[in-house]
Every structure is written in structure tokens, then in C-alpha cells.
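**Student:** what's the 3D shape of this:
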Amino acid sequence: MRVSLNNVWLTNDGTVDLRTWTDAYKVQLNGRQIVQDAQFLRAVSAQPLARGNAVNELRFTVTQQHASVAAASAFTLTAFSVLPTGGSATLVCGGAGETPVTCTFTAVLAEMPGCSFYGTRTETQFVLRGGPITELGGATASTVDGATLATAYGYAAGGTVDGGNLADDLLPAGLDLDGGTLA
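**Tutor:** Got it, this is the predicted structure:
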């Protein structure tokens, strides 16, 4: 899944090698609404009433490879200050060989509960909070800032990414491992 907030990419933008900047992983969604417990006279029990007001909280993690330790540490210290505080969030979903499905919602960057650097690599957790998430229908490819996002990715089969660098386990579908270039 690729995620942008107010046309600023928080994950891979679909054009950069996944070994240097990953799509979202550890994606979690907490959807909830305001519920009121209503006390009715002579009722056996209270009744919960759905008040609507749906709120979605989307949490995800991104790994990014930077050019230097200085760039990685500066990103860790400044990312929350320089990223957009809110706007339209675009979520591009899909895997290798699939037509991407685009979803959207109005969201705020509620928090970055973790942003760590490990040498030249950073791992950042984002929390977007907003209203209902809707699927944009009818599009065969998604566009943000006029760029078409139809890049397909192949994920490494077998193995785990626990304790490793997730970026090393993700490959663009067109990568030629025999010294060629990206197709």
C-alpha cells in the first residue's frame, strides 16, 4: 500500500526502488464511532445507541534508506515538523499483476509514535486519523500530482522480515538481478 497526505508521499511513491523506500507495512486500521449508553426508565439494561461520527485511525510503518547518517538522523528529527498536518489522504492498494485500487479520506497526521534511525536507514511509524475511507471507483490506474501510479511490485517469497531490513526483502517486479537495469 502506498500512502500520500495532501500530495506528499509518506510511503514509496511508486517510482523509487523499493529497496530504498518501502510501501506501508504493519498496516492497522481502527474504525470506531461515538456510542452512547442510554438509560431507559424501567428497562432491564442500558441500550447502546450508535451516534455515527465515524473515525478511522490508520497506522503503518515505512522504512527508508538515506544517503548518509546525517540525512537519516535529520529526517528522524524533523519529519513530524515538515510533513503536512492534514488534508486528503490517498491510499493506493494492490500487488503484482493487479489493477490498483485507490481509496481516499480526509485525514490529519495525528502522530508519529516512532521514528528511529539505524545508520543510514530510518523506520517511521505514522498515524493518520480521519473520517470514513471510501474507494474511488472506475479508475484503472491512480494519479497523484498528475503522475500515474501503475507500478507493480513483486514481494520476496518465503522467509521473514523479522529483525531484518524490510527494504532488502522487497523487489520491484522488473528488477534484473543479473546486473541489468530496472525495466
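**Student:** could you pick out the longest strand of the protein?
**Tutor:** In the chain, taking DSSP state E as the definition, the longest strand is strand 101-118.
**Student:** list the strands paired with that strand, with their directions.
**Tutor:** strand 86-93 (antiparallel), strand 121-130 (antiparallel), strand 134-136 (antiparallel) (DSSP bridges).
**Student:** could I get the average pLDDT for that strand?
**Tutor:** For strand 101-118, the mean pLDDT works out to 94.
**Student:** now it: buried residues?
**Tutor:** For strand 101-118, a neighbour-count test (16 or more other CB atoms under 10 Å) marks 102, 103, 104, 105, 107, 109, 110, 115, 117 as buried. Every C-beta, even on glycine, is put in place using the N, C-alpha and C of the backbone.
**Student:** same question, stretch 77-94
**Tutor:** Within stretch 77-94, the residues that count as buried by 16+ other CB under 10 Å are 79, 84, 87, 89, 90, 91, 92, 93, 94.
**Student:** only C-alpha atoms, please: export that stretch in PDB.
**Tutor:** Below are the C-alpha coordinates for stretch 77-94, written out as PDB (Å, rounded to 0.1, in the frame of the first residue of the first chain):
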ATOM      1  CA  LEU A  77      14.400  14.800  14.000                       C
ATOM      2  CA  THR A  78      12.400  17.000  11.500                       C
ATOM      3  CA  ALA A  79       9.900  14.700   9.700                       C
ATOM      4  CA  PHE A  80       6.900  15.500  12.000                       C
ATOM      5  CA  SER A  81       7.600  19.200  11.800                       C
ATOM      6  CA  VAL A  82       7.800  19.400   8.000                       C
ATOM      7  CA  LEU A  83       5.100  16.900   6.800                       C
ATOM      8  CA  PRO A  84       1.600  18.200   6.100                       C
ATOM      9  CA  THR A  85      -0.600  18.400   9.200                       C
ATOM     10  CA  GLY A  86      -3.700  17.200   7.300                       C
ATOM     11  CA  GLY A  87      -5.600  17.100   4.000                       C
ATOM     12  CA  SER A  88      -6.700  14.500   1.600                       C
ATOM     13  CA  ALA A  89      -5.100  11.100   2.100                       C
ATOM     14  CA  THR A  90      -4.800   8.800  -0.900                       C
ATOM     15  CA  LEU A  91      -4.200   5.100  -0.400                       C
ATOM     16  CA  VAL A  92      -3.100   3.000  -3.400                       C
ATOM     17  CA  CYS A  93      -3.700  -0.700  -2.800                       C
ATOM     18  CA  GLY A  94      -2.500  -3.600  -5.000                       C
END
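**Student:** run through who's touching that stretch.
**Tutor:** Residues outside stretch 77-94 that contact it (CB atoms under 8 Å, 6 or more residues apart in numbering): 1-8, 10, 14, 58, 100-109, 112, 115, 124, 128, 130, 133, 142, 144, 149, 152.
**Student:** count the neighbours of residue 123 for me.
**Tutor:** 20 (other CB atoms under 10 Å).
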